[in-house]
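>>> make a model of this:
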Amino acid sequence: MNDKTLAPRPSTLDRDEFVARFGDIYEHSPWVAELTWERGLQPAQDTPAGLAEAMGQTLSSATAERQLEVIRAHPDLAGKAAIAGELTDDSTREQAGAGLDQCTPEEMARFERLNAAYKGKFGFPFVMAVKGSDRHAILAAFETRLENSPAEERRTAIEQINRIARFRLEERVANR
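Residues are numbered from 1 along each chain as shown. Below you'll find the model as predicted:
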């Protein structure tokens, strides 16, 4: 993993600067950055891994309701928002990187069925950190995770969202 320092260093930013730079790490959920800053940042949080850990702790320690808000802020994988071009830039890159923009009509139909079944069972979209994965592995994970209990799946979704956040922070260091 790339543990180079983020620039500017998060521990040196005031609240508004920190939220402006990192408020989009969690999909449509700037409150994660706000609370992370309020908890206090140290030089250990100036790396992607350190900041991801701090932000992940903020989300993991949030109430179930707040966690569900973050989960529900995520788009369906290969869903209508992707087709309509309505994803955030990060989500668009992540889904394309996993080949979700290259699905066959049969795969798209399978994604639609699985998205509907998953939402019907859990009440929120399937979330997976797709970096390094492909559509076949994602479809397999969908089917496996449909067997989880609601509590287990909420925990799994939060773990996946925290992985997404770390990947996004690492990408910011790599792309500067």
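>>> so which residues of this structure form helices?
Along the chain, the segments classed as helices by DSSP state H run 15-22, 31-39, 48-60, 64-72, 80-83, 89-97, 105-122, 135-145, 150-174.
>>> among the ones you listed, which is nearest Thr5?
Distance to Thr5, taken as C-beta to C-beta, is lowest for helix 150-174 among those, at 7.6 Å. To be clear about C-beta, it is placed using only N, CA and C from the backbone, and glycine gets the same treatment.
>>> which parts of the closest one are buried?
153-154, 156-158, 160-172 (16 or more other C-beta atoms under 10 Å).
>>> over to stretch 38-55?
Across stretch 38-55, burial judged by 16+ other C-beta under 10 Å covers 41, 45-48, 50-55.
>>> what does stretch 26-38 give?
Buried residues in stretch 26-38, defined by neighbour count with 16+ other C-beta under 10 Å: 26-27, 29, 31-37.
>>> ok, stretch 122-142 next?
For stretch 122-142, the neighbour count (16+ other C-beta under 10 Å) marks 122, 124-131, 133, 135, 138-139, 141-142 as buried.
>>> can you name the two of those that are farthest apart?
Spanning the widest gap among the buried residues of stretch 122-142 are Phe122 and Lys131, at 22.5 Å by C-beta to C-beta.
>>> any idea how far Glu53 is from the nearest residue to His28 once chain neighbours are set aside?
If the residues on either side of it in the chain are set aside, His28 comes closest to Ala73, at 4.1 Å by C-beta to C-beta, 6 or more residues apart in numbering. Using C-beta to C-beta, to the nearest Å, Ala73 is found at 21 Å from Glu53.
>>> rewinding a little: any chance of the helices of the chain in a markdown table, plus distance to Leu6 and mean pLDDT?
Converted to a markdown table, the helices of the chain look like this (distance: least, C-beta to C-beta, whole Å; pLDDT from 0 to 100):
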| stretch | distance to Leu6 | mean pLDDT |
| --- | --- | --- |
| helix 15-22 | 8 | 97 |
| helix 31-39 | 13 | 98 |
| helix 48-60 | 6 | 97 |
| helix 64-72 | 21 | 97 |
| helix 80-83 | 28 | 68 |
| helix 89-97 | 16 | 85 |
| helix 105-122 | 33 | 95 |
| helix 135-145 | 29 | 95 |
| helix 150-174 | 6 | 95 |
